[in-house]
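Participant: here is the input, now give the coordinates:
(4 chains)
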Protein chains: 2
Amino acid sequence: MKKAQLTRQALLQKAFEQIYTGGYQTTSIDAILAATAVTKGAFYYHFKNKDEMGLALIEEVLRPTLRLQFESLLQSSDDPLQAIYRLMQHLLFENDLLQAAHGCPMGNLTQELTPWHPVLSTALDQLLQDWIQLMTQLLQKGQQSGFIKTAVSARSVALFVLSGYWGVRSIGKLGDSRTVYTAYLNELKRYLNTLR
Amino acid sequence: MKKAQLTRQALLQKAFEQIYTGGYQTTSIDAILAATAVTKGAFYYHFKNKDEMGLALIEEVLRPTLRLQFESLLQSSDDPLQAIYRLMQHLLFENDLLQAAHGCPMGNLTQELTPWHPVLSTALDQLLQDWIQLMTQLLQKGQQSGFIKTAVSARSVALFVLSGYWGVRSIGKLGDSRTVYTAYLNELKRYLNTLR
DNA sequence: CCAAAAACATACCGATCAGTATGTTATGCA
DNA sequence: TGCATAACATACTGATCGGTATGTTTTTGG
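Facilitator: Take a look at the predicted model:
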């Protein structure tokens, strides 16, 4: 990789970390520069402004990461319900990029930016739609292969599951996230089994 | 009510509106003052600083509102599962204080403040714990009166339901909230029935 | 009615922060 | 090798915003 691309990646990476743990507004460009030992001139050479960096962050960091998670989800089991459960378990407990106290990166950004930043919100919406659609298709395939009863709406289930995930990550940011997550996973497992 | 208390209430009310629709950081004190025709001197007479106003907002606006919602929930039906469903339906569609595009006030604040504001986060956590506990007790009563199977954990269910609610309100802020909400409610109803 | 405190008004300050202006150095290519 | 441009460095600006200093008005109690 060219050296210039390396600094760009470094900026995006540190920006992601700081924004994930501290929020978008709270993370100043100066703080990112201090953490990366990059200067302001370099930053504004690579990005027109802070928002464009945010956009690049969504497209070049968040999107590939999510894609990766979902691919491992697809390979984790033939049974889509078990695959979904394992994914959630992984996202809540085992993934070392995600930390309990800091919630879901995408959920965090959505919540913070939605009221006042239409451009980034639209980008996040597109990501979410992909996410929903992938899980819906997975569930539909599960219905065709007889794993899941056909009486339920795959899209509703996908939405229901993702809602629960976003929500529990929010709740986990407040109190004792470990016990919250285990309680949630228990009930999620029970819920998923009612779909068979 | 004394005149001084009226201005205090006006400040909290407008602050709530602006913070609910625009976020905590984005809402400047100056903006609140402009909306209320109150001056800065009056503001800092009533509140030591912005954060103390945020705390008053949580305790004096959010808490009573939630309490009100829950009381109407308790009176809405003998069947706790139906009561919960009706509450969610009401919160998502019928409540005119809450608007689809702006999410859940408490969820919004939690998401935005958690990373960097421990004091307000603690206050929000206490509110949430009340919320969870009330719903847990409601479910336990439902188990005792035979509405709900005793095999499930009331606390897990409460957490599961509240997570879904917070999550779907987040998701609803992004895209077409109406269809999202209806799909969610459909699956929620199905889920709740599996608890019988 | 009048002092004292409550309640409010106005002008200002200092820090932060996104963004810019203007440079300098590194790199690739003819 | 030299030059054009990419890539970065430094110093600065203008606006915003939370908070303060210092007033003035209003209310209250004796």
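Participant: from the centre of chain A, point out the most distant residue.
Facilitator: residue A:41 (30.7 Å; CA atoms, centre = their mean).
Participant: what's the spacing between that one and residue A:88?
Facilitator: Separation of residue A:41 from residue A:88 (CB to CB, to the nearest Å) stands at 43 Å. All C-beta atoms are positioned from the backbone trio N, CA, C, and that covers glycine.
Participant: which residues touch residue A:117?
Facilitator: Counting by CB atoms under 8 Å, 6 or more residues apart in numbering or on different chains, residue A:117 touches residue A:51.
Participant: mind doing that once more with 10 Å?
Facilitator: A:24-25, A:51, A:54, A:109, A:123-124, B:23, B:26 (CB atoms under 10 Å, 6 or more residues apart in numbering or on different chains).
Participant: which of these count as buried?
Facilitator: In the contacts of residue A:117, burial by neighbour count holds for A:24-25, A:54, A:109, A:123-124, B:23, B:26, counting by 16 or more other CB atoms under 10 Å in any protein chain shown.
Participant: sorry, back to before: which one among the contacts of residue A:117 gets closest to DNA strand D?
Facilitator: residue B:26 (7.2 Å; CB to the nearest atom of the strand).
Participant: give me the nearest residue to that closest one, chain neighbours excluded.
Facilitator: Excluding its sequence neighbours, the residue lying closest to residue B:26 (CB to CB, 6 or more residues apart in numbering or on different chains) is residue A:116, at 5.2 Å.
Participant: before we move on, what about residue A:163?
Facilitator: residue B:167 (3.4 Å).
Participant: thought the one you found was touching residue A:172?
Facilitator: No: the criterion here is CB atoms under 10 Å, and residue B:167 misses it with residue A:172 at 11.9 Å.
Participant: tell me, what's touching the two both at once?
Facilitator: residue A:104.
Participant: pull the contacting residues for the spatially closest residue to residue A:50 that is not a sequence neighbour.
Facilitator: With CB to CB, 6+ apart as the criterion, residue A:50 has its nearest non-adjacent residue at 6.0 Å, and that residue is residue A:29. Going by CB under 10 Å, 6+ apart, residue A:29 touches A:11, A:15, A:40, A:43-44, A:47, A:49-50, A:53.
Participant: checking the residue in chain A that DNA strand D sits nearest to next. Helix, strand or coil?
Facilitator: Going by CB to the nearest atom of the strand, DNA strand D is nearest to residue A:41 of chain A, at 1.7 Å. Here residue A:41 is recorded as helix under DSSP: H, G, I helix; E, B strand; the rest coil.
Participant: would you check how far apart residue A:174 and residue A:104 are?
Facilitator: Taking CB to CB, one finds residue A:174 at 14 Å from residue A:104.
Participant: apologies, that question was intended for residue A:56.
Facilitator: Here the criterion is CB to CB. By it, residue A:56 lies 20 Å from residue A:104.
Participant: lowest average confidence, helix or strand, in chain A?
Facilitator: Ranked by mean pLDDT, DSSP states H and E, the weakest helix or strand in chain A is helix A:63-76, scoring a mean of 88.
Participant: now do the buried residues in that helix.
Facilitator: Using 16+ other CB under 10 Å as the test for burial, helix A:63-76 gives A:63, A:65-66, A:69-70, A:73, A:76.
Participant: that helix packs against which elements?
Facilitator: helix A:80-89, helix A:105-113, helix A:118-144 (3 or more CB pairs under 10 Å, 6 or more residues apart in numbering or on different chains; DSSP states H and E).
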